[in-house]
Every structure is written in C-alpha cells, then in structure tokens.
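> give the three-dimensional model of this entry:
(one chain, ligands or ions: 2)
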Amino acid sequence: MSDTAFTARCYCGAVTLTLSAPAQTVAYCHCRDCRRWTGGPVAAFAAFDRTALTATPPLPAPASHSAGVERWNCTACGSPLAAQFDYLPTQVYVPLGILDQIDAAAPQLHCHAESAPRWLHIADDLPRQTGSARDTLSDAAE
Ligand SMILES: [Zn+2]
Ligand SMILES: [Zn+2]
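Ligands and ions are numbered 1, 2, ... in the order given. The predicted structure is shown next:
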C-alpha cells in the first residue's frame, strides 16, 4: 500500500481520526452486517494496525450487536468510525467513506462477495472471496 498517512472525520466533524501508519489492507465487505452499519449497498474499509489510530476526542465505548465485532460511531451524528473483529485483534477497520484521502485507498479485494446485492456490478478484476477472507486479512496484519 501507499505510505500515505490518513486522516478521517465523521459527518458532523465532532470526531477526527489520524492514522499514523500505512493501511495494511483495503477491502470491500459485502456482508449484511457491514451494509446495515454503513447504510450503503456495499461497505469498504481500510485496515490499520490498532496502535496507528488516534481519535480526537478518544473513541466512545464501542457497540457490539453481532458476536465477535465491536463498532464505534460518533455519538453526536452517528457516523460509522471504526470496527474491530475478535479474530483480527491487532487491526482496526476504518470505513473508506470518512477518509480525507479516499483516492489513496483503492480496494484490493472483495470479502463476502456472495452476499452482494444481485444488481450491484463493480467492474474490477479484484479477488472475490466468499466469507470473511480472514486468512488474507490476517496475513496482511503480519
Ligand atoms: Zn459526528
Ligand atoms: Zn462485513
């Protein structure tokens, strides 16, 4: 990935994020969980080492509505800010839509490709994995 340092902010601007290390992976996620959380027909995330993330002000308590995943939202405007998965404990996932440098975060793969809406056609040649692609994602964390 590029060595861009990323910044991000929520819809209302109450929360800003700074990512001090390059993204480890950038992926679309077509799972129903991410779709519902973001409100879009497909979610996309950049994965960073957990220690690279600084939130101003510090992140509120996470919410967990599905086993194995914690998600943070802005308490003022509700914007999705970050997610963490139990099986990838060293990583934090930031939605591409809140990044200030979205052009520098091109997705590298599709996760849960089998769950994409039937009418959604993204014309790329990226790998399409069924399920969480956890092996690919955790390899990138090493
Ligand atoms: Zn906000
Ligand atoms: Zn997902």
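> return the residues of this protein in contact with ligand 2.
Within the chain, the residues that sit near ligand 2 (Cβ under 5 Å from the ion) are 29, 31, 34. In short, each C-beta sits where N, CA and C put it, glycine included.
> of the residues you listed, which is the most crowded?
Counting neighbours by other Cβ atoms under 10 Å, the top entry in the residues of the chain next to ligand 2 is residue 29, with 27 neighbours.
> that one and residue 140, how far apart?
Distance, residue 29 to residue 140, using Cβ to Cβ, to the nearest Å: 14 Å.
> returning to what we had before: which of the residues of the chain next to ligand 2 fall within helices?
residue 34 (DSSP state H).
> output the below-cut-off pLDDT ranges for the chain.
By pLDDT under 70, the low-scoring segments of the chain are 1-4.
> which residue ranges form the strands in the chain?
In the chain, the segments counted as strands under DSSP state E are 6-9, 16-19, 25-29, 43-49, 53-56, 63-66, 69-73, 80-85, 91-95, 109-111.
> adding distance to residue 102, write those out as a markdown table.
What follows is the strands of the chain, written out as a markdown table (distance: least, Cβ to Cβ, whole Å):
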| stretch | distance to residue 102 |
| --- | --- |
| strand 6-9 | 9 |
| strand 16-19 | 13 |
| strand 25-29 | 10 |
| strand 43-49 | 9 |
| strand 53-56 | 17 |
| strand 63-66 | 25 |
| strand 69-73 | 19 |
| strand 80-85 | 14 |
| strand 91-95 | 10 |
| strand 109-111 | 17 |
